[in-house]
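S.K.: coordinates only, sequence not included:
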């Protein structure tokens, strides 16, 4: 997967976008790209805060009032209720939304979906660092380059590495000596779900919190020295609070969504784990609603985070459904399985999480937060089939 609008290189400095720009004039052809992958940077919207001051102040819970007819239509799509949990919000008409839920409070291992909480923490600290000027924040993200170090180790996910001058493109694992801008590390975290990048983004949020204005000029050597000498217990308390407190401020409860540890073993030298990790469809839906209301830090941040979730590469799992080909999709997925049966078919546990915002060209817009633990079943294919069924059911009423 890869995200961010294809024309975003000049704004962000994310180098892989420089290569993808060539798809716009057919200099290169990427056959896996869907028609819905070509939205440009200025074509993005937040649907629950447009032209309405009352909408901004409306409690999130208002959007999560069950529509019984819609509820019945959604729950009928599931072959069984046990093992599945979902929330669905149709926002095609923001003044007349439709909501459905099933096992919405059931907790699952969030896996890579938890990286959205890391992104929220990062942008929260960035907002505190530069509260008055969003342009200063994005320039810092574009220009500040940081090294992976032990924090980036170890992860089987590769990252895209493109050299614009030599037109050389490779995908490889992160190594300790890798240096990327903040924008690129956030992109690596969300686009290819790199665990090392997630730990590094979380680390940088921690440094912003601790050093404040000094972070602008903080060198890599100074940062490394700080972590080598810091108290591990104190850092753990700060880091865990840093990533969870913004969720609480949104009204997302501790049992609805929380993170309790970093994503790589290399980070364990500096910070520990605390409280465990959990996610629920209800907590994740609350997050999406706050995003669409422009309440993740502010409207500019919410819109930028939405751009970072936009898919501009091969679609997988839930997003692979052919019914979504023409739609713009903003997607994060996570899997965690164990036991025989093969990939995504764990027999001990078989978690698959898909959170997605779908925007069709005809104006049909909706959010789905789907979590499952169906033993021995290919959950990637299962989510894809459910995506098609959910999309058909929503659009036949729109």
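M.R.: Great, that's in hand. No experiment lies behind these values; they were computed from the predicted model shown.
S.K.: and the strands in the stretch 51-200 of the chain?
M.R.: Under the criterion DSSP state E, counting those that start in this stretch, strands of the stretch 51-200 of the chain are mapped to 84-90, 98-102, 145-147, 158-163, 168-173, 179-181.
S.K.: residue 215 is nearest to which of those?
M.R.: Ranking those by proximity to residue 215 (CB to CB) places strand 145-147 first, at 10.6 Å. Backbone N, C-alpha and C define where each C-beta goes, glycine included.
S.K.: tell me, please, where in the chain the pLDDT is lower than the cut-off.
M.R.: 1-4, 28, 50-58, 398 (pLDDT under 70).
S.K.: next, name the residue at the spatial heart of it.
M.R.: The geometric centre of the chain, computed from its C-alpha atoms, lies nearest to residue 116 (CA atoms, centre = their mean), at 3.9 Å.
S.K.: mind listing what the residue nearest to it when sequence neighbours are not counted touches?
M.R.: Nearest-residue entry for residue 116: residue 332, 5.7 Å, with adjacent residues in sequence omitted and distances by CB to CB, 6 or more residues apart in numbering. By CB atoms under 8 Å, 6 or more residues apart in numbering, residue 332 lies in contact with 112-113, 115-116, 190, 193, 309, 354-356.
S.K.: go on, residue 265?
M.R.: Taking CB under 8 Å, 6+ apart, one finds 153-154 in contact with residue 265.
S.K.: same question for the one 3 residues further on.
M.R.: Taking CB under 8 Å, 6+ apart, we find residue 268 in contact with residue 262.
S.K.: from residue 360, how far out is residue 44?
M.R.: Relative to residue 360, residue 44 is positioned 15 Å away (criterion: CB to CB, to the nearest Å).
S.K.: out of those two, which sits in the more crowded spot?
M.R.: Between residue 44 and residue 360, counting by other CB atoms under 10 Å, residue 360 is the more crowded of the two (20 against 16).
S.K.: isn't that one up against residue 329?
M.R.: No. At 9.9 Å, residue 360 and residue 329 do not qualify as touching, with contact defined as CB atoms under 8 Å.
S.K.: picking up where we left off before, looking at this, the residue nearest to residue 116 is in a helix?
M.R.: No. With DSSP: H, G, I helix; E, B strand; the rest coil as the criterion, residue 332 is assigned strand and is not in a helix.
S.K.: tell me the spacing between it and residue 305.
M.R.: When CB to CB is the yardstick, residue 332 and residue 305 sit 11 Å from each other.
S.K.: is the closest residue in space to residue 240 that isn't next to it in sequence in a helix, a strand, or coil?
M.R.: Nearest non-adjacent residue to residue 240, counting by CB to CB, 6+ apart: residue 274, 4.6 Å away. Under the three-state scheme (three-state DSSP), the conformation of residue 274 reads as coil.
S.K.: ok, residue 274 - contacts?
M.R.: 236-237, 240, 260-261.
S.K.: ok, now residue 137?
M.R.: 126-127, 129-130, 301.
S.K.: closest to residue 182 out of these?
M.R.: Lowest distance from residue 182 to those (CB to CB) belongs to residue 126, with 8.6 Å.
S.K.: would you mind measuring from the closest one to residue 134?
M.R.: Here the criterion is CB to CB. By it, residue 126 lies 9 Å from residue 134.
S.K.: which of these two has more neighbours?
M.R.: Taking other CB under 10 Å, residue 126 and residue 134 do not tie; residue 126 has more neighbours (23 against 18).
S.K.: how much space between that one and residue 141?
M.R.: From residue 126 across to residue 141, the span is 7 Å (CB to CB).
S.K.: same check, this time on residue 147
M.R.: Counting by CB to CB, the gap between residue 147 and residue 141 amounts to 16 Å.
S.K.: more neighbours: which of those two?
M.R.: When neighbours are counted by other CB under 10 Å, residue 141 comes out ahead of the other of residue 147 and residue 141, with 23 against 16.
S.K.: hang on, residue 38 packs against residue 21?
M.R.: No. The pair residue 38 and residue 21 fails to qualify as a contact (CB under 8 Å) at a distance of 11.4 Å.
S.K.: list the residues that contact both of these two?
M.R.: Shared contacts of residue 38 and residue 21, defined by CB under 8 Å, 6+ apart, comprise residue 6.
S.K.: one step back: I'd like the strands of the stretch 51-200 of the chain written out as JSON lines, with distance to residue 397 added.
M.R.: Shown next, in JSON lines, are the strands of the stretch 51-200 of the chain (distance: least, CB to CB, whole Å):
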{"stretch": "strand 84-90", "distance to residue 397": "8"}
{"stretch": "strand 98-102", "distance to residue 397": "8"}
{"stretch": "strand 145-147", "distance to residue 397": "48"}
{"stretch": "strand 158-163", "distance to residue 397": "39"}
{"stretch": "strand 168-173", "distance to residue 397": "41"}
{"stretch": "strand 179-181", "distance to residue 397": "44"}
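S.K.: most packed of the ones you listed?
M.R.: Looking across the strands of the stretch 51-200 of the chain with neighbours counted as mean count of other CB atoms under 10 Å, the highest average goes to strand 84-90: a mean of 24.
S.K.: what does that one contact?
M.R.: Counting contacts by CB under 8 Å, 6+ apart, the residues outside strand 84-90 that touch it are 63-64, 70, 74, 78, 97-104, 106, 108, 280-282, 284-285, 288-289, 364-372, 374, 390, 394, 398.
S.K.: restricted to buried residues, select the residues you listed in PyMOL.
M.R.: Taking 16 or more other CB atoms under 10 Å as the burial criterion, the selection of buried members of those in PyMOL is written as:
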select buried, resi 63+64+70+74+78+97+98+99+100+101+102+103+104+106+108+280+281+282+284+285+288+289+364+365+366+367+368+369+370+371+372+374+390+394
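S.K.: okay, and which of the contacts of strand 84-90 map to helices?
M.R.: Judged by DSSP state H, the subset of the contacts of strand 84-90 located in helices is 63, 70, 74, 281-282, 284-285, 288-289, 390, 394.
S.K.: pipe the residues you listed into JSON lines and attach distance to residue 164 per row.
M.R.: Shown next, in JSON lines, are those (distance: CB to CB, whole Å):
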{"residue": "63", "distance to residue 164": "43"}
{"residue": "70", "distance to residue 164": "48"}
{"residue": "74", "distance to residue 164": "46"}
{"residue": "281", "distance to residue 164": "41"}
{"residue": "282", "distance to residue 164": "43"}
{"residue": "284", "distance to residue 164": "36"}
{"residue": "285", "distance to residue 164": "39"}
{"residue": "288", "distance to residue 164": "34"}
{"residue": "289", "distance to residue 164": "38"}
{"residue": "390", "distance to residue 164": "40"}
{"residue": "394", "distance to residue 164": "41"}
